[in-house]
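1. The following comprises the amino acid sequence and a computationally predicted model.
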Amino acid sequence: MLLSSIIGRQGHRVLSAATGIEAVAMFETERPQLVLMDAMMPIMDGFEAARRIKKMSGESLVPIIFLTSLTEGEALAYCLEAGGDDFISKPYNPVVLAAKINAMNRLRLLQETVLQQRDQIARHHEYLLHEQRVAKAVFDQVAHSGCLNASNIRYLQSPYALFNGDLMLAAYTPAGQMHVLLGDFTGHGLPAAVGAMPLAEVFYGMTAKGYGLPEILREMNAKLKRILPVDMFCCATLLCVNTRQQQVEVWSGGLPEGYLLRGRTGEFTPLASHHLPLGVLSVETFDTRTEVHPLAPGDRIFLLSDGVLDTANSADDLFGVQRLREVLALNREPELLIQEILQALNDFGGKARDDVSMLEITADEAAIPVPPPLIYSDSGASSPLDWSASFELRASTLRRFNPLPYIVQLLLEVHGLRARSGALHSVLAELYSNALEHGVLGLDSSLKHDATGFASYYQQRADGLAELQSGFVRVHVSVEPTEQGGRLIIRVEDSGQGFDAQKVLMTPPSVDSLYGRGVRLVCELGEQARWSADGRVACVEFSWDGVS
């Protein structure tokens, strides 16, 4: 009664219980904010009652102050071990009692604030995770809409965060080549993927239209430079894998060096990065120069993000390039390479600091797809038929412009040609490439007799284009109706010295040859392919049945 009177005069509402059992029952129904508990009570002592009250209070802090006449240290410590937060020895001082009640109330309010903030943070975190899951689902639909599931591609993505800052894209060109991109945006999670959607949009859209790596790179860099803040960019490697011509074109900016793994010898050639990342340089200073390497059947291209090399062990040592090269040298089963690298990382005791991505592409001509027929909404009744167009491309244009996507898109307005889009792309690409490289630039394809000559050929090509001051390539297309349907005539002329086309066609193809395939490919895909006597003019026909 005395204690209740003192506490009541201090402004508190007081509930009284005579035993520990009454105290537990009262706490369950009334849920008081603070408990003053006598250690020695009948039926159930204060220690057991304190333990039960603490259990019922859960995460909420309900301070328990023991009122005790115990004076021994062990006995007082037992009060705290039983769940008490403080104790007051009898007889108690009203001033000290008030001070301790107020102190415990401050702790209770602090605990409530902490719990409220924790719950608020948890709700906000769940909201952010939900947003990222939605964004990731949308992005996965876009990013994986290409051919990452092709039979000659193996890859691994181990995200450091829910939304991987690493980006993998793969798609076929209309001519059956494969474009592959591995990118690594600065940072992790959703901010790191801000540029991923527009990058994927440019990659897939321009690849589908038949653009080459320089045009795609130029547009991707310009778009990222325009939309990303200055502290964000994308390290990337972009490949064009051409199994028909047995070559791979590579551009790399900022990523660790990739590797060209030779299937016959087991040797590997580093594919070093020679450029700055995408989104750093202006349009005027951005460098789109690529490297071209011969690619024999069974060869593989292996790409990785810096998360692999930067994996650290308990001693803070990095996995590094040397350990990776040891795994590459010991690999004997190509399909197990990625698993062997993962095993090496585990044996190293490494812990990833960044997104870990690995990508492997095998040169396999069987993986070249048969392009599905294009689906158009128009009936074809208004398709243009009986027309012609001519283009003359001179030096300043030849240095930096690829006219093929524009010409092909124009031809695909003809309904009857749409089913031949893949062959059109391939034939036009070969004719234009021959006219530019052998005609205007005067390059000798026999340079490509081995890997060293291959590199020399494409270095001369790049140097020749950079210094080009004269010359032309003329492309003339003519569409005319026939009784059965229609016919397309493609004529490509160049300003070069020409060549002996019949001699090339009469020469038996060599299995190991790295050149001389283009002319035969044109003959296989086109109809009535022919060259002028001096080889400066090539003419190829396509025909189709049905009214267009």
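-> Alright, I've got the coordinates.
2. what sits against Arg65?
-> Just to correct that, residue 65 is Ile rather than Arg. In this structure, Ile65 makes contact with Leu34, Val35, Leu36, Met37, Gly84, Asp85, Asp86, Phe87, Ile88, Lys100, Ile101, Met104, judged by Cβ atoms under 8 Å, 6 or more residues apart in numbering. For the C-beta atoms, the positions are set from N, CA and C on the backbone; glycine is no exception.
3. go again using 10 Å as the cut-off
-> Ile65 makes contact with 34-37, 79, 84-88, 92, 97, 100-101, 103-104 under the criterion Cβ atoms under 10 Å, 6 or more residues apart in numbering.
4. What's the separation between it and Arg289?
-> From Ile65 across to Arg289, the span is 78 Å (Cβ to Cβ, to the nearest Å).
5. and if you look at Ser357?
-> From Ser357 over to Arg289 the distance is 25 Å, taken as Cβ to Cβ.
6. Surely Leu318 is in contact with Leu345?
-> No - using Cβ atoms under 10 Å, Leu318 makes no contact with Leu345, being 11.2 Å away.
7. Compare these two (neighbour count), which wins?
-> For Leu318 versus Leu345, neighbours defined as other Cβ atoms under 10 Å are more numerous around Leu345 (22 against 14).
8. Grab the nearest non-local neighbour of that one.
-> Spatial nearest neighbour of Leu345, excluding adjacent residues (Cβ to Cβ, 6 or more residues apart in numbering): Thr311 at 5.5 Å.
9. Pretty sure that neighbour sits against Phe319.
-> Yes - when contacts are counted by Cβ under 10 Å, Thr311 is listed as touching Phe319 (4.4 Å).
10. between the two, what contacts are shared?
-> Ala344, Leu345, Phe348, Gly349, Gly350, Ala352.
11. So which of those sits lowest on pLDDT?
-> For the shared contacts of Thr311 and Phe319, the least confident position by pLDDT is Ala352, scoring 67.
12. domains of the protein?
-> Residue ranges for each domain of the chain read 2-115, 144-367, 387-545, as given by automatic domain parsing.
13. just so I know, which of these lies nearest Glu126?
-> Closest to Glu126 of these is domain 144-367 (Cβ to Cβ; 12.2 Å).
14. Where do the helices of the stretch 301-450 of the chain begin and end?
-> Under the criterion DSSP state H, counting those that start in this stretch, the stretch 301-450 of the chain carries helices at the ranges 306-309, 320-330, 337-347, 395-398, 404-411, 421-434.
15. Just the buried positions in the second one, please.
-> Which is helix 320-330. By neighbour count, with 16 or more other Cβ atoms under 10 Å as the criterion, the buried positions of helix 320-330 are Arg323, Leu324, Val327, Leu328.
16. For that helix, which outside residues touch it?
-> Surrounding helix 320-330, the residues in contact under the criterion Cβ under 10 Å, 6+ apart are 256-257, 259, 261, 266-268, 270, 302, 304, 308-312, 317, 319, 337, 340-345, 347-348, 350.
17. Pull out the buried members of these.
-> With burial judged by 16+ other Cβ under 10 Å, the buried subset of the contacts of helix 320-330 is 256-257, 259, 261, 268, 302, 304, 308-312, 319, 337, 341-342, 344-345, 348, 350.
18. returning to what we had before: which one among the contacts of Ile65 gets closest to Gln502?
-> Minimum separation from Gln502 among the contacts of Ile65 (Cβ to Cβ) is found for Asp85, which lies at 101.2 Å.
19. Can you report how many residues neighbour the closest one?
-> Other residues within reach of Asp85, judged by other Cβ under 10 Å, total 21.
20. Next, give phi and psi for Pro481.
-> Recorded main-chain torsions at Pro481 are phi -80, psi 150, according to degrees, to the nearest 10.
21. which residues does it bridge with?
-> Note on Pro481: beta-bridge partners Gly486, judged by DSSP bridges.
22. quick thing: my sequence starts at 32, can you match it?
-> Got it, the first residue is 32 from now on, which makes the last one we talked about Pro512.
23. Surely it and Asp576 touch.
-> No - counting by Cβ under 10 Å, Pro512 sits too far from Asp576 to count as a contact (11.9 Å).
24. Give me whichever of the domains of the chain is most buried.
-> Highest mean neighbour count among these (mean count of other Cβ atoms under 10 Å): domain 175-398, with a mean of 19.
25. Ser457 versus the nearest residue to Asn273 once chain neighbours are set aside, what's the distance?
-> Excluding the flanking residues, the one nearest Asn273 by Cβ to Cβ, 6+ apart is Gln208, at 4.7 Å. From Gln208 over to Ser457 the distance is 9 Å, taken as Cβ to Cβ.
26. Show me the common contact partners of the two, please.
-> Among the neighbours of Gln208, those also in contact with Ser457 (Cβ under 10 Å, 6+ apart) are Gly241, Arg275, Gln276.
27. which ones are touching the last one?
-> Going back to what we said before, that points to Gln276. Residues counted as contacts of Gln276 (Cβ under 10 Å, 6+ apart) are 206, 208, 323, 325-326, 457, 460-461, 464, 479, 545-546, 548-549, 552.
28. Looking at per-residue confidence, what score does it get?
-> According to the model, Gln276 scores 84 on pLDDT.
29. Please report the distance of it from Phe485.
-> 11 Å.
30. now swap in the first one and tell me
-> Relative to Phe485, Gly241 is positioned 24 Å away (Cβ to Cβ).
31. Need the pLDDT of the nearest residue to His43 once chain neighbours are set aside.
-> Leaving aside its chain neighbours, His43 sits nearest to Ile132 (7.4 Å; criterion: Cβ to Cβ, 6+ apart). Model confidence at Ile132, expressed as pLDDT, equals 88.
32. Now for Ile132: which residues touch it?
-> With contacts defined as Cβ under 10 Å, 6+ apart, the neighbours of Ile132 are Ile38, Gln41, His43, Leu65, Leu67, Pro94, Ile96, Asp117, Ile119.
33. Backbone torsions only: list them for the residue lying closest to the last one once chain neighbours are set aside.
-> What it means is Ile119. Take Ile119 and drop its neighbours on the chain: the residue closest to it by Cβ to Cβ, 6+ apart is Leu98, 5.6 Å away. Taking degrees, to the nearest 10, you get phi -110, psi 110 for the backbone angles of Leu98.
34. Leu98 is in contact with Lys121, isn't it?
-> Yes - the pair Leu98 and Lys121 passes the contact test of Cβ under 10 Å, sitting 6.2 Å apart.
35. Between the two, which contacts overlap?
-> Between them, Leu98 and Lys121 share these contacting residues under Cβ under 10 Å, 6+ apart: Asp69, Ala70.
36. Can you name the secondary structure element that comes next after the least confident helix or strand in the chain by mean pLDDT?
-> Of all helical and strand segments in the chain, the minimum by mean pLDDT, DSSP states H and E falls on helix 220-223, at a mean of 66. On the C-terminal side of helix 220-223, the closest following helix or strand by DSSP states H and E is helix 227-239.
37. what's the angle from the helix or strand just after that following helix to helix 227-239?
-> Following the chain from helix 227-239 toward its C-terminal end, the next helix or strand by DSSP H and E is helix 244-258. Orientation note: helix 244-258 sits at an angle of 160 degrees relative to helix 227-239 (axes from the mean of the first three to the mean of the last three Cα atoms, to 10 degrees).
38. Quick check: which element contains the residue nearest to His43?
-> Secondary structure (DSSP H and E) places Ile132 in helix 125-174.
39. That helix: what's the following helix or strand?
-> strand 184-189.
40. What average pLDDT does that following strand get?
-> Here the mean pLDDT over strand 184-189 is 88, rounded to a whole number.
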